[in-house]
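**Student:** Here's a sequence, model it:
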Amino acid sequence: MSLFDSLKSAFQPSGARALRRIDVEGRFARQRTAVTGTMAHFYAAKDREYDDRLVGIKILDIEKMELFESRFKGLKKPSEGEIALSMHHPTVVETYEVGLTMKGQPVLIMEYIAGPSMQNIVVQRQEEHVSGRRLKLIRDMAEALKYVHSKEYIHRDICPRNFICMPGSTAVKLIDFGLSVPATPAFMVPGNRTGTPLYMSPEIVRRRATDKRVDIFSFGITCYCLISFEHPWQGEILNGRAALYHDTLPPKELMERCPNVDPRLSRAIMHALQPAVGERTATMDQFLQSIRSVETAFID
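**Tutor:** Residues are numbered from 1 along each chain as shown. This next block holds a predicted model:
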């Protein structure tokens, strides 16, 4: 089987006869500069077939996708396109179509969100985008992850980069199912070290067995960064090697960095990012219940 044929098979939704060919160049008018990610290129475009609605176009890198999918040979792993098409929730980006470009590249056509990424807000410390809105954004992120888990998937790349704010930062949506896997025993065995290192759980770093709580750990760090604009394991250098400290050094208490954060919210976030799996928040519903009576992120 050729690389092209193997990629068609990996990307094709279960039960589908054939992937649709999508004339990306002819159908769409590019509107925004392309962004290159780890495994794909993304840009915004107007869809001429749908009254010029603005959409996001994600074109996957065939070789990188094949390398990732090869880890799961024989396991009938759902493709990124199949997973994305199954997600329908107000806090998760909507995927409209999946197919192949005329050049044979896997492509997803999805909802386009014009707001900033959580990553830009955190890194650039853009207080104006989140002032008075942090609690709402945290609840949105939690609801998104709760939904993904209810669909019996592990996202495996929860981090600020994969949450995009709506215009005005009044809400947020989860994106990118490129590393997602089913929450079943075959996909939770030790060894699959993928994700964003600064947000990676110790189980992934140490190549141990995993479950949905790897996402909860990453979610906890994401919330911590949104509240404080700093990482709980903040050091002089923040790079991939920092993940090695996630279970060797204690995280900085959130209330030490932000004394005016609501103590209930602080406890919930710190509980979510506990390095020891048995001490970590067990489910996203548990997290949401723990902050149900919190009215604002900060106490005056």
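**Student:** doesn't H271 make contact with A282?
**Tutor:** No. Look at A282 against H271 with Cβ atoms under 8 Å: they stay out of range, at 9.7 Å. In this view, the C-beta of every residue, glycine as well, is placed from N, C-alpha and C.
**Student:** When these two are compared, which one has more neighbours?
**Tutor:** A side-by-side neighbour count of A282 and H271, using other Cβ atoms under 10 Å, places H271 first with 17 against 14.
**Student:** ok, now which ones touch the residue nearest to that one when sequence neighbours are not counted?
**Tutor:** Spatial nearest neighbour of H271, excluding adjacent residues (Cβ to Cβ, 6 or more residues apart in numbering): T281 at 5.0 Å. Contacts for T281 (Cβ atoms under 8 Å, 6 or more residues apart in numbering) come out as 213, 216, 220, 268, 271-272, 274, 287, 290.
**Student:** how about the spatially closest residue to V148 that is not a sequence neighbour, what does it touch?
**Tutor:** Closest residue in space to V148, ignoring its immediate chain neighbours: H155 at 5.4 Å, by Cβ to Cβ, 6+ apart. H155 makes contacts with 145, 148, 162, 174, 177, 179-180, 215, as judged by Cβ under 8 Å, 6+ apart.
**Student:** Among those, which ones are in helices?
**Tutor:** Among the contacts of H155, the members found in helices (DSSP state H) are 145, 148, 215.
**Student:** Now tabulate those residues in a markdown table and tack on pLDDT, distance to T101 and neighbour count.
**Tutor:** Shown next, in a markdown table, are these (pLDDT from 0 to 100; distance: Cβ to Cβ, whole Å; neighbours: other Cβ atoms under 10 Å):
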| residue | pLDDT | distance to T101 | neighbour count |
| --- | --- | --- | --- |
| L145 | 98 | 31 | 27 |
| V148 | 98 | 27 | 25 |
| D215 | 98 | 31 | 26 |
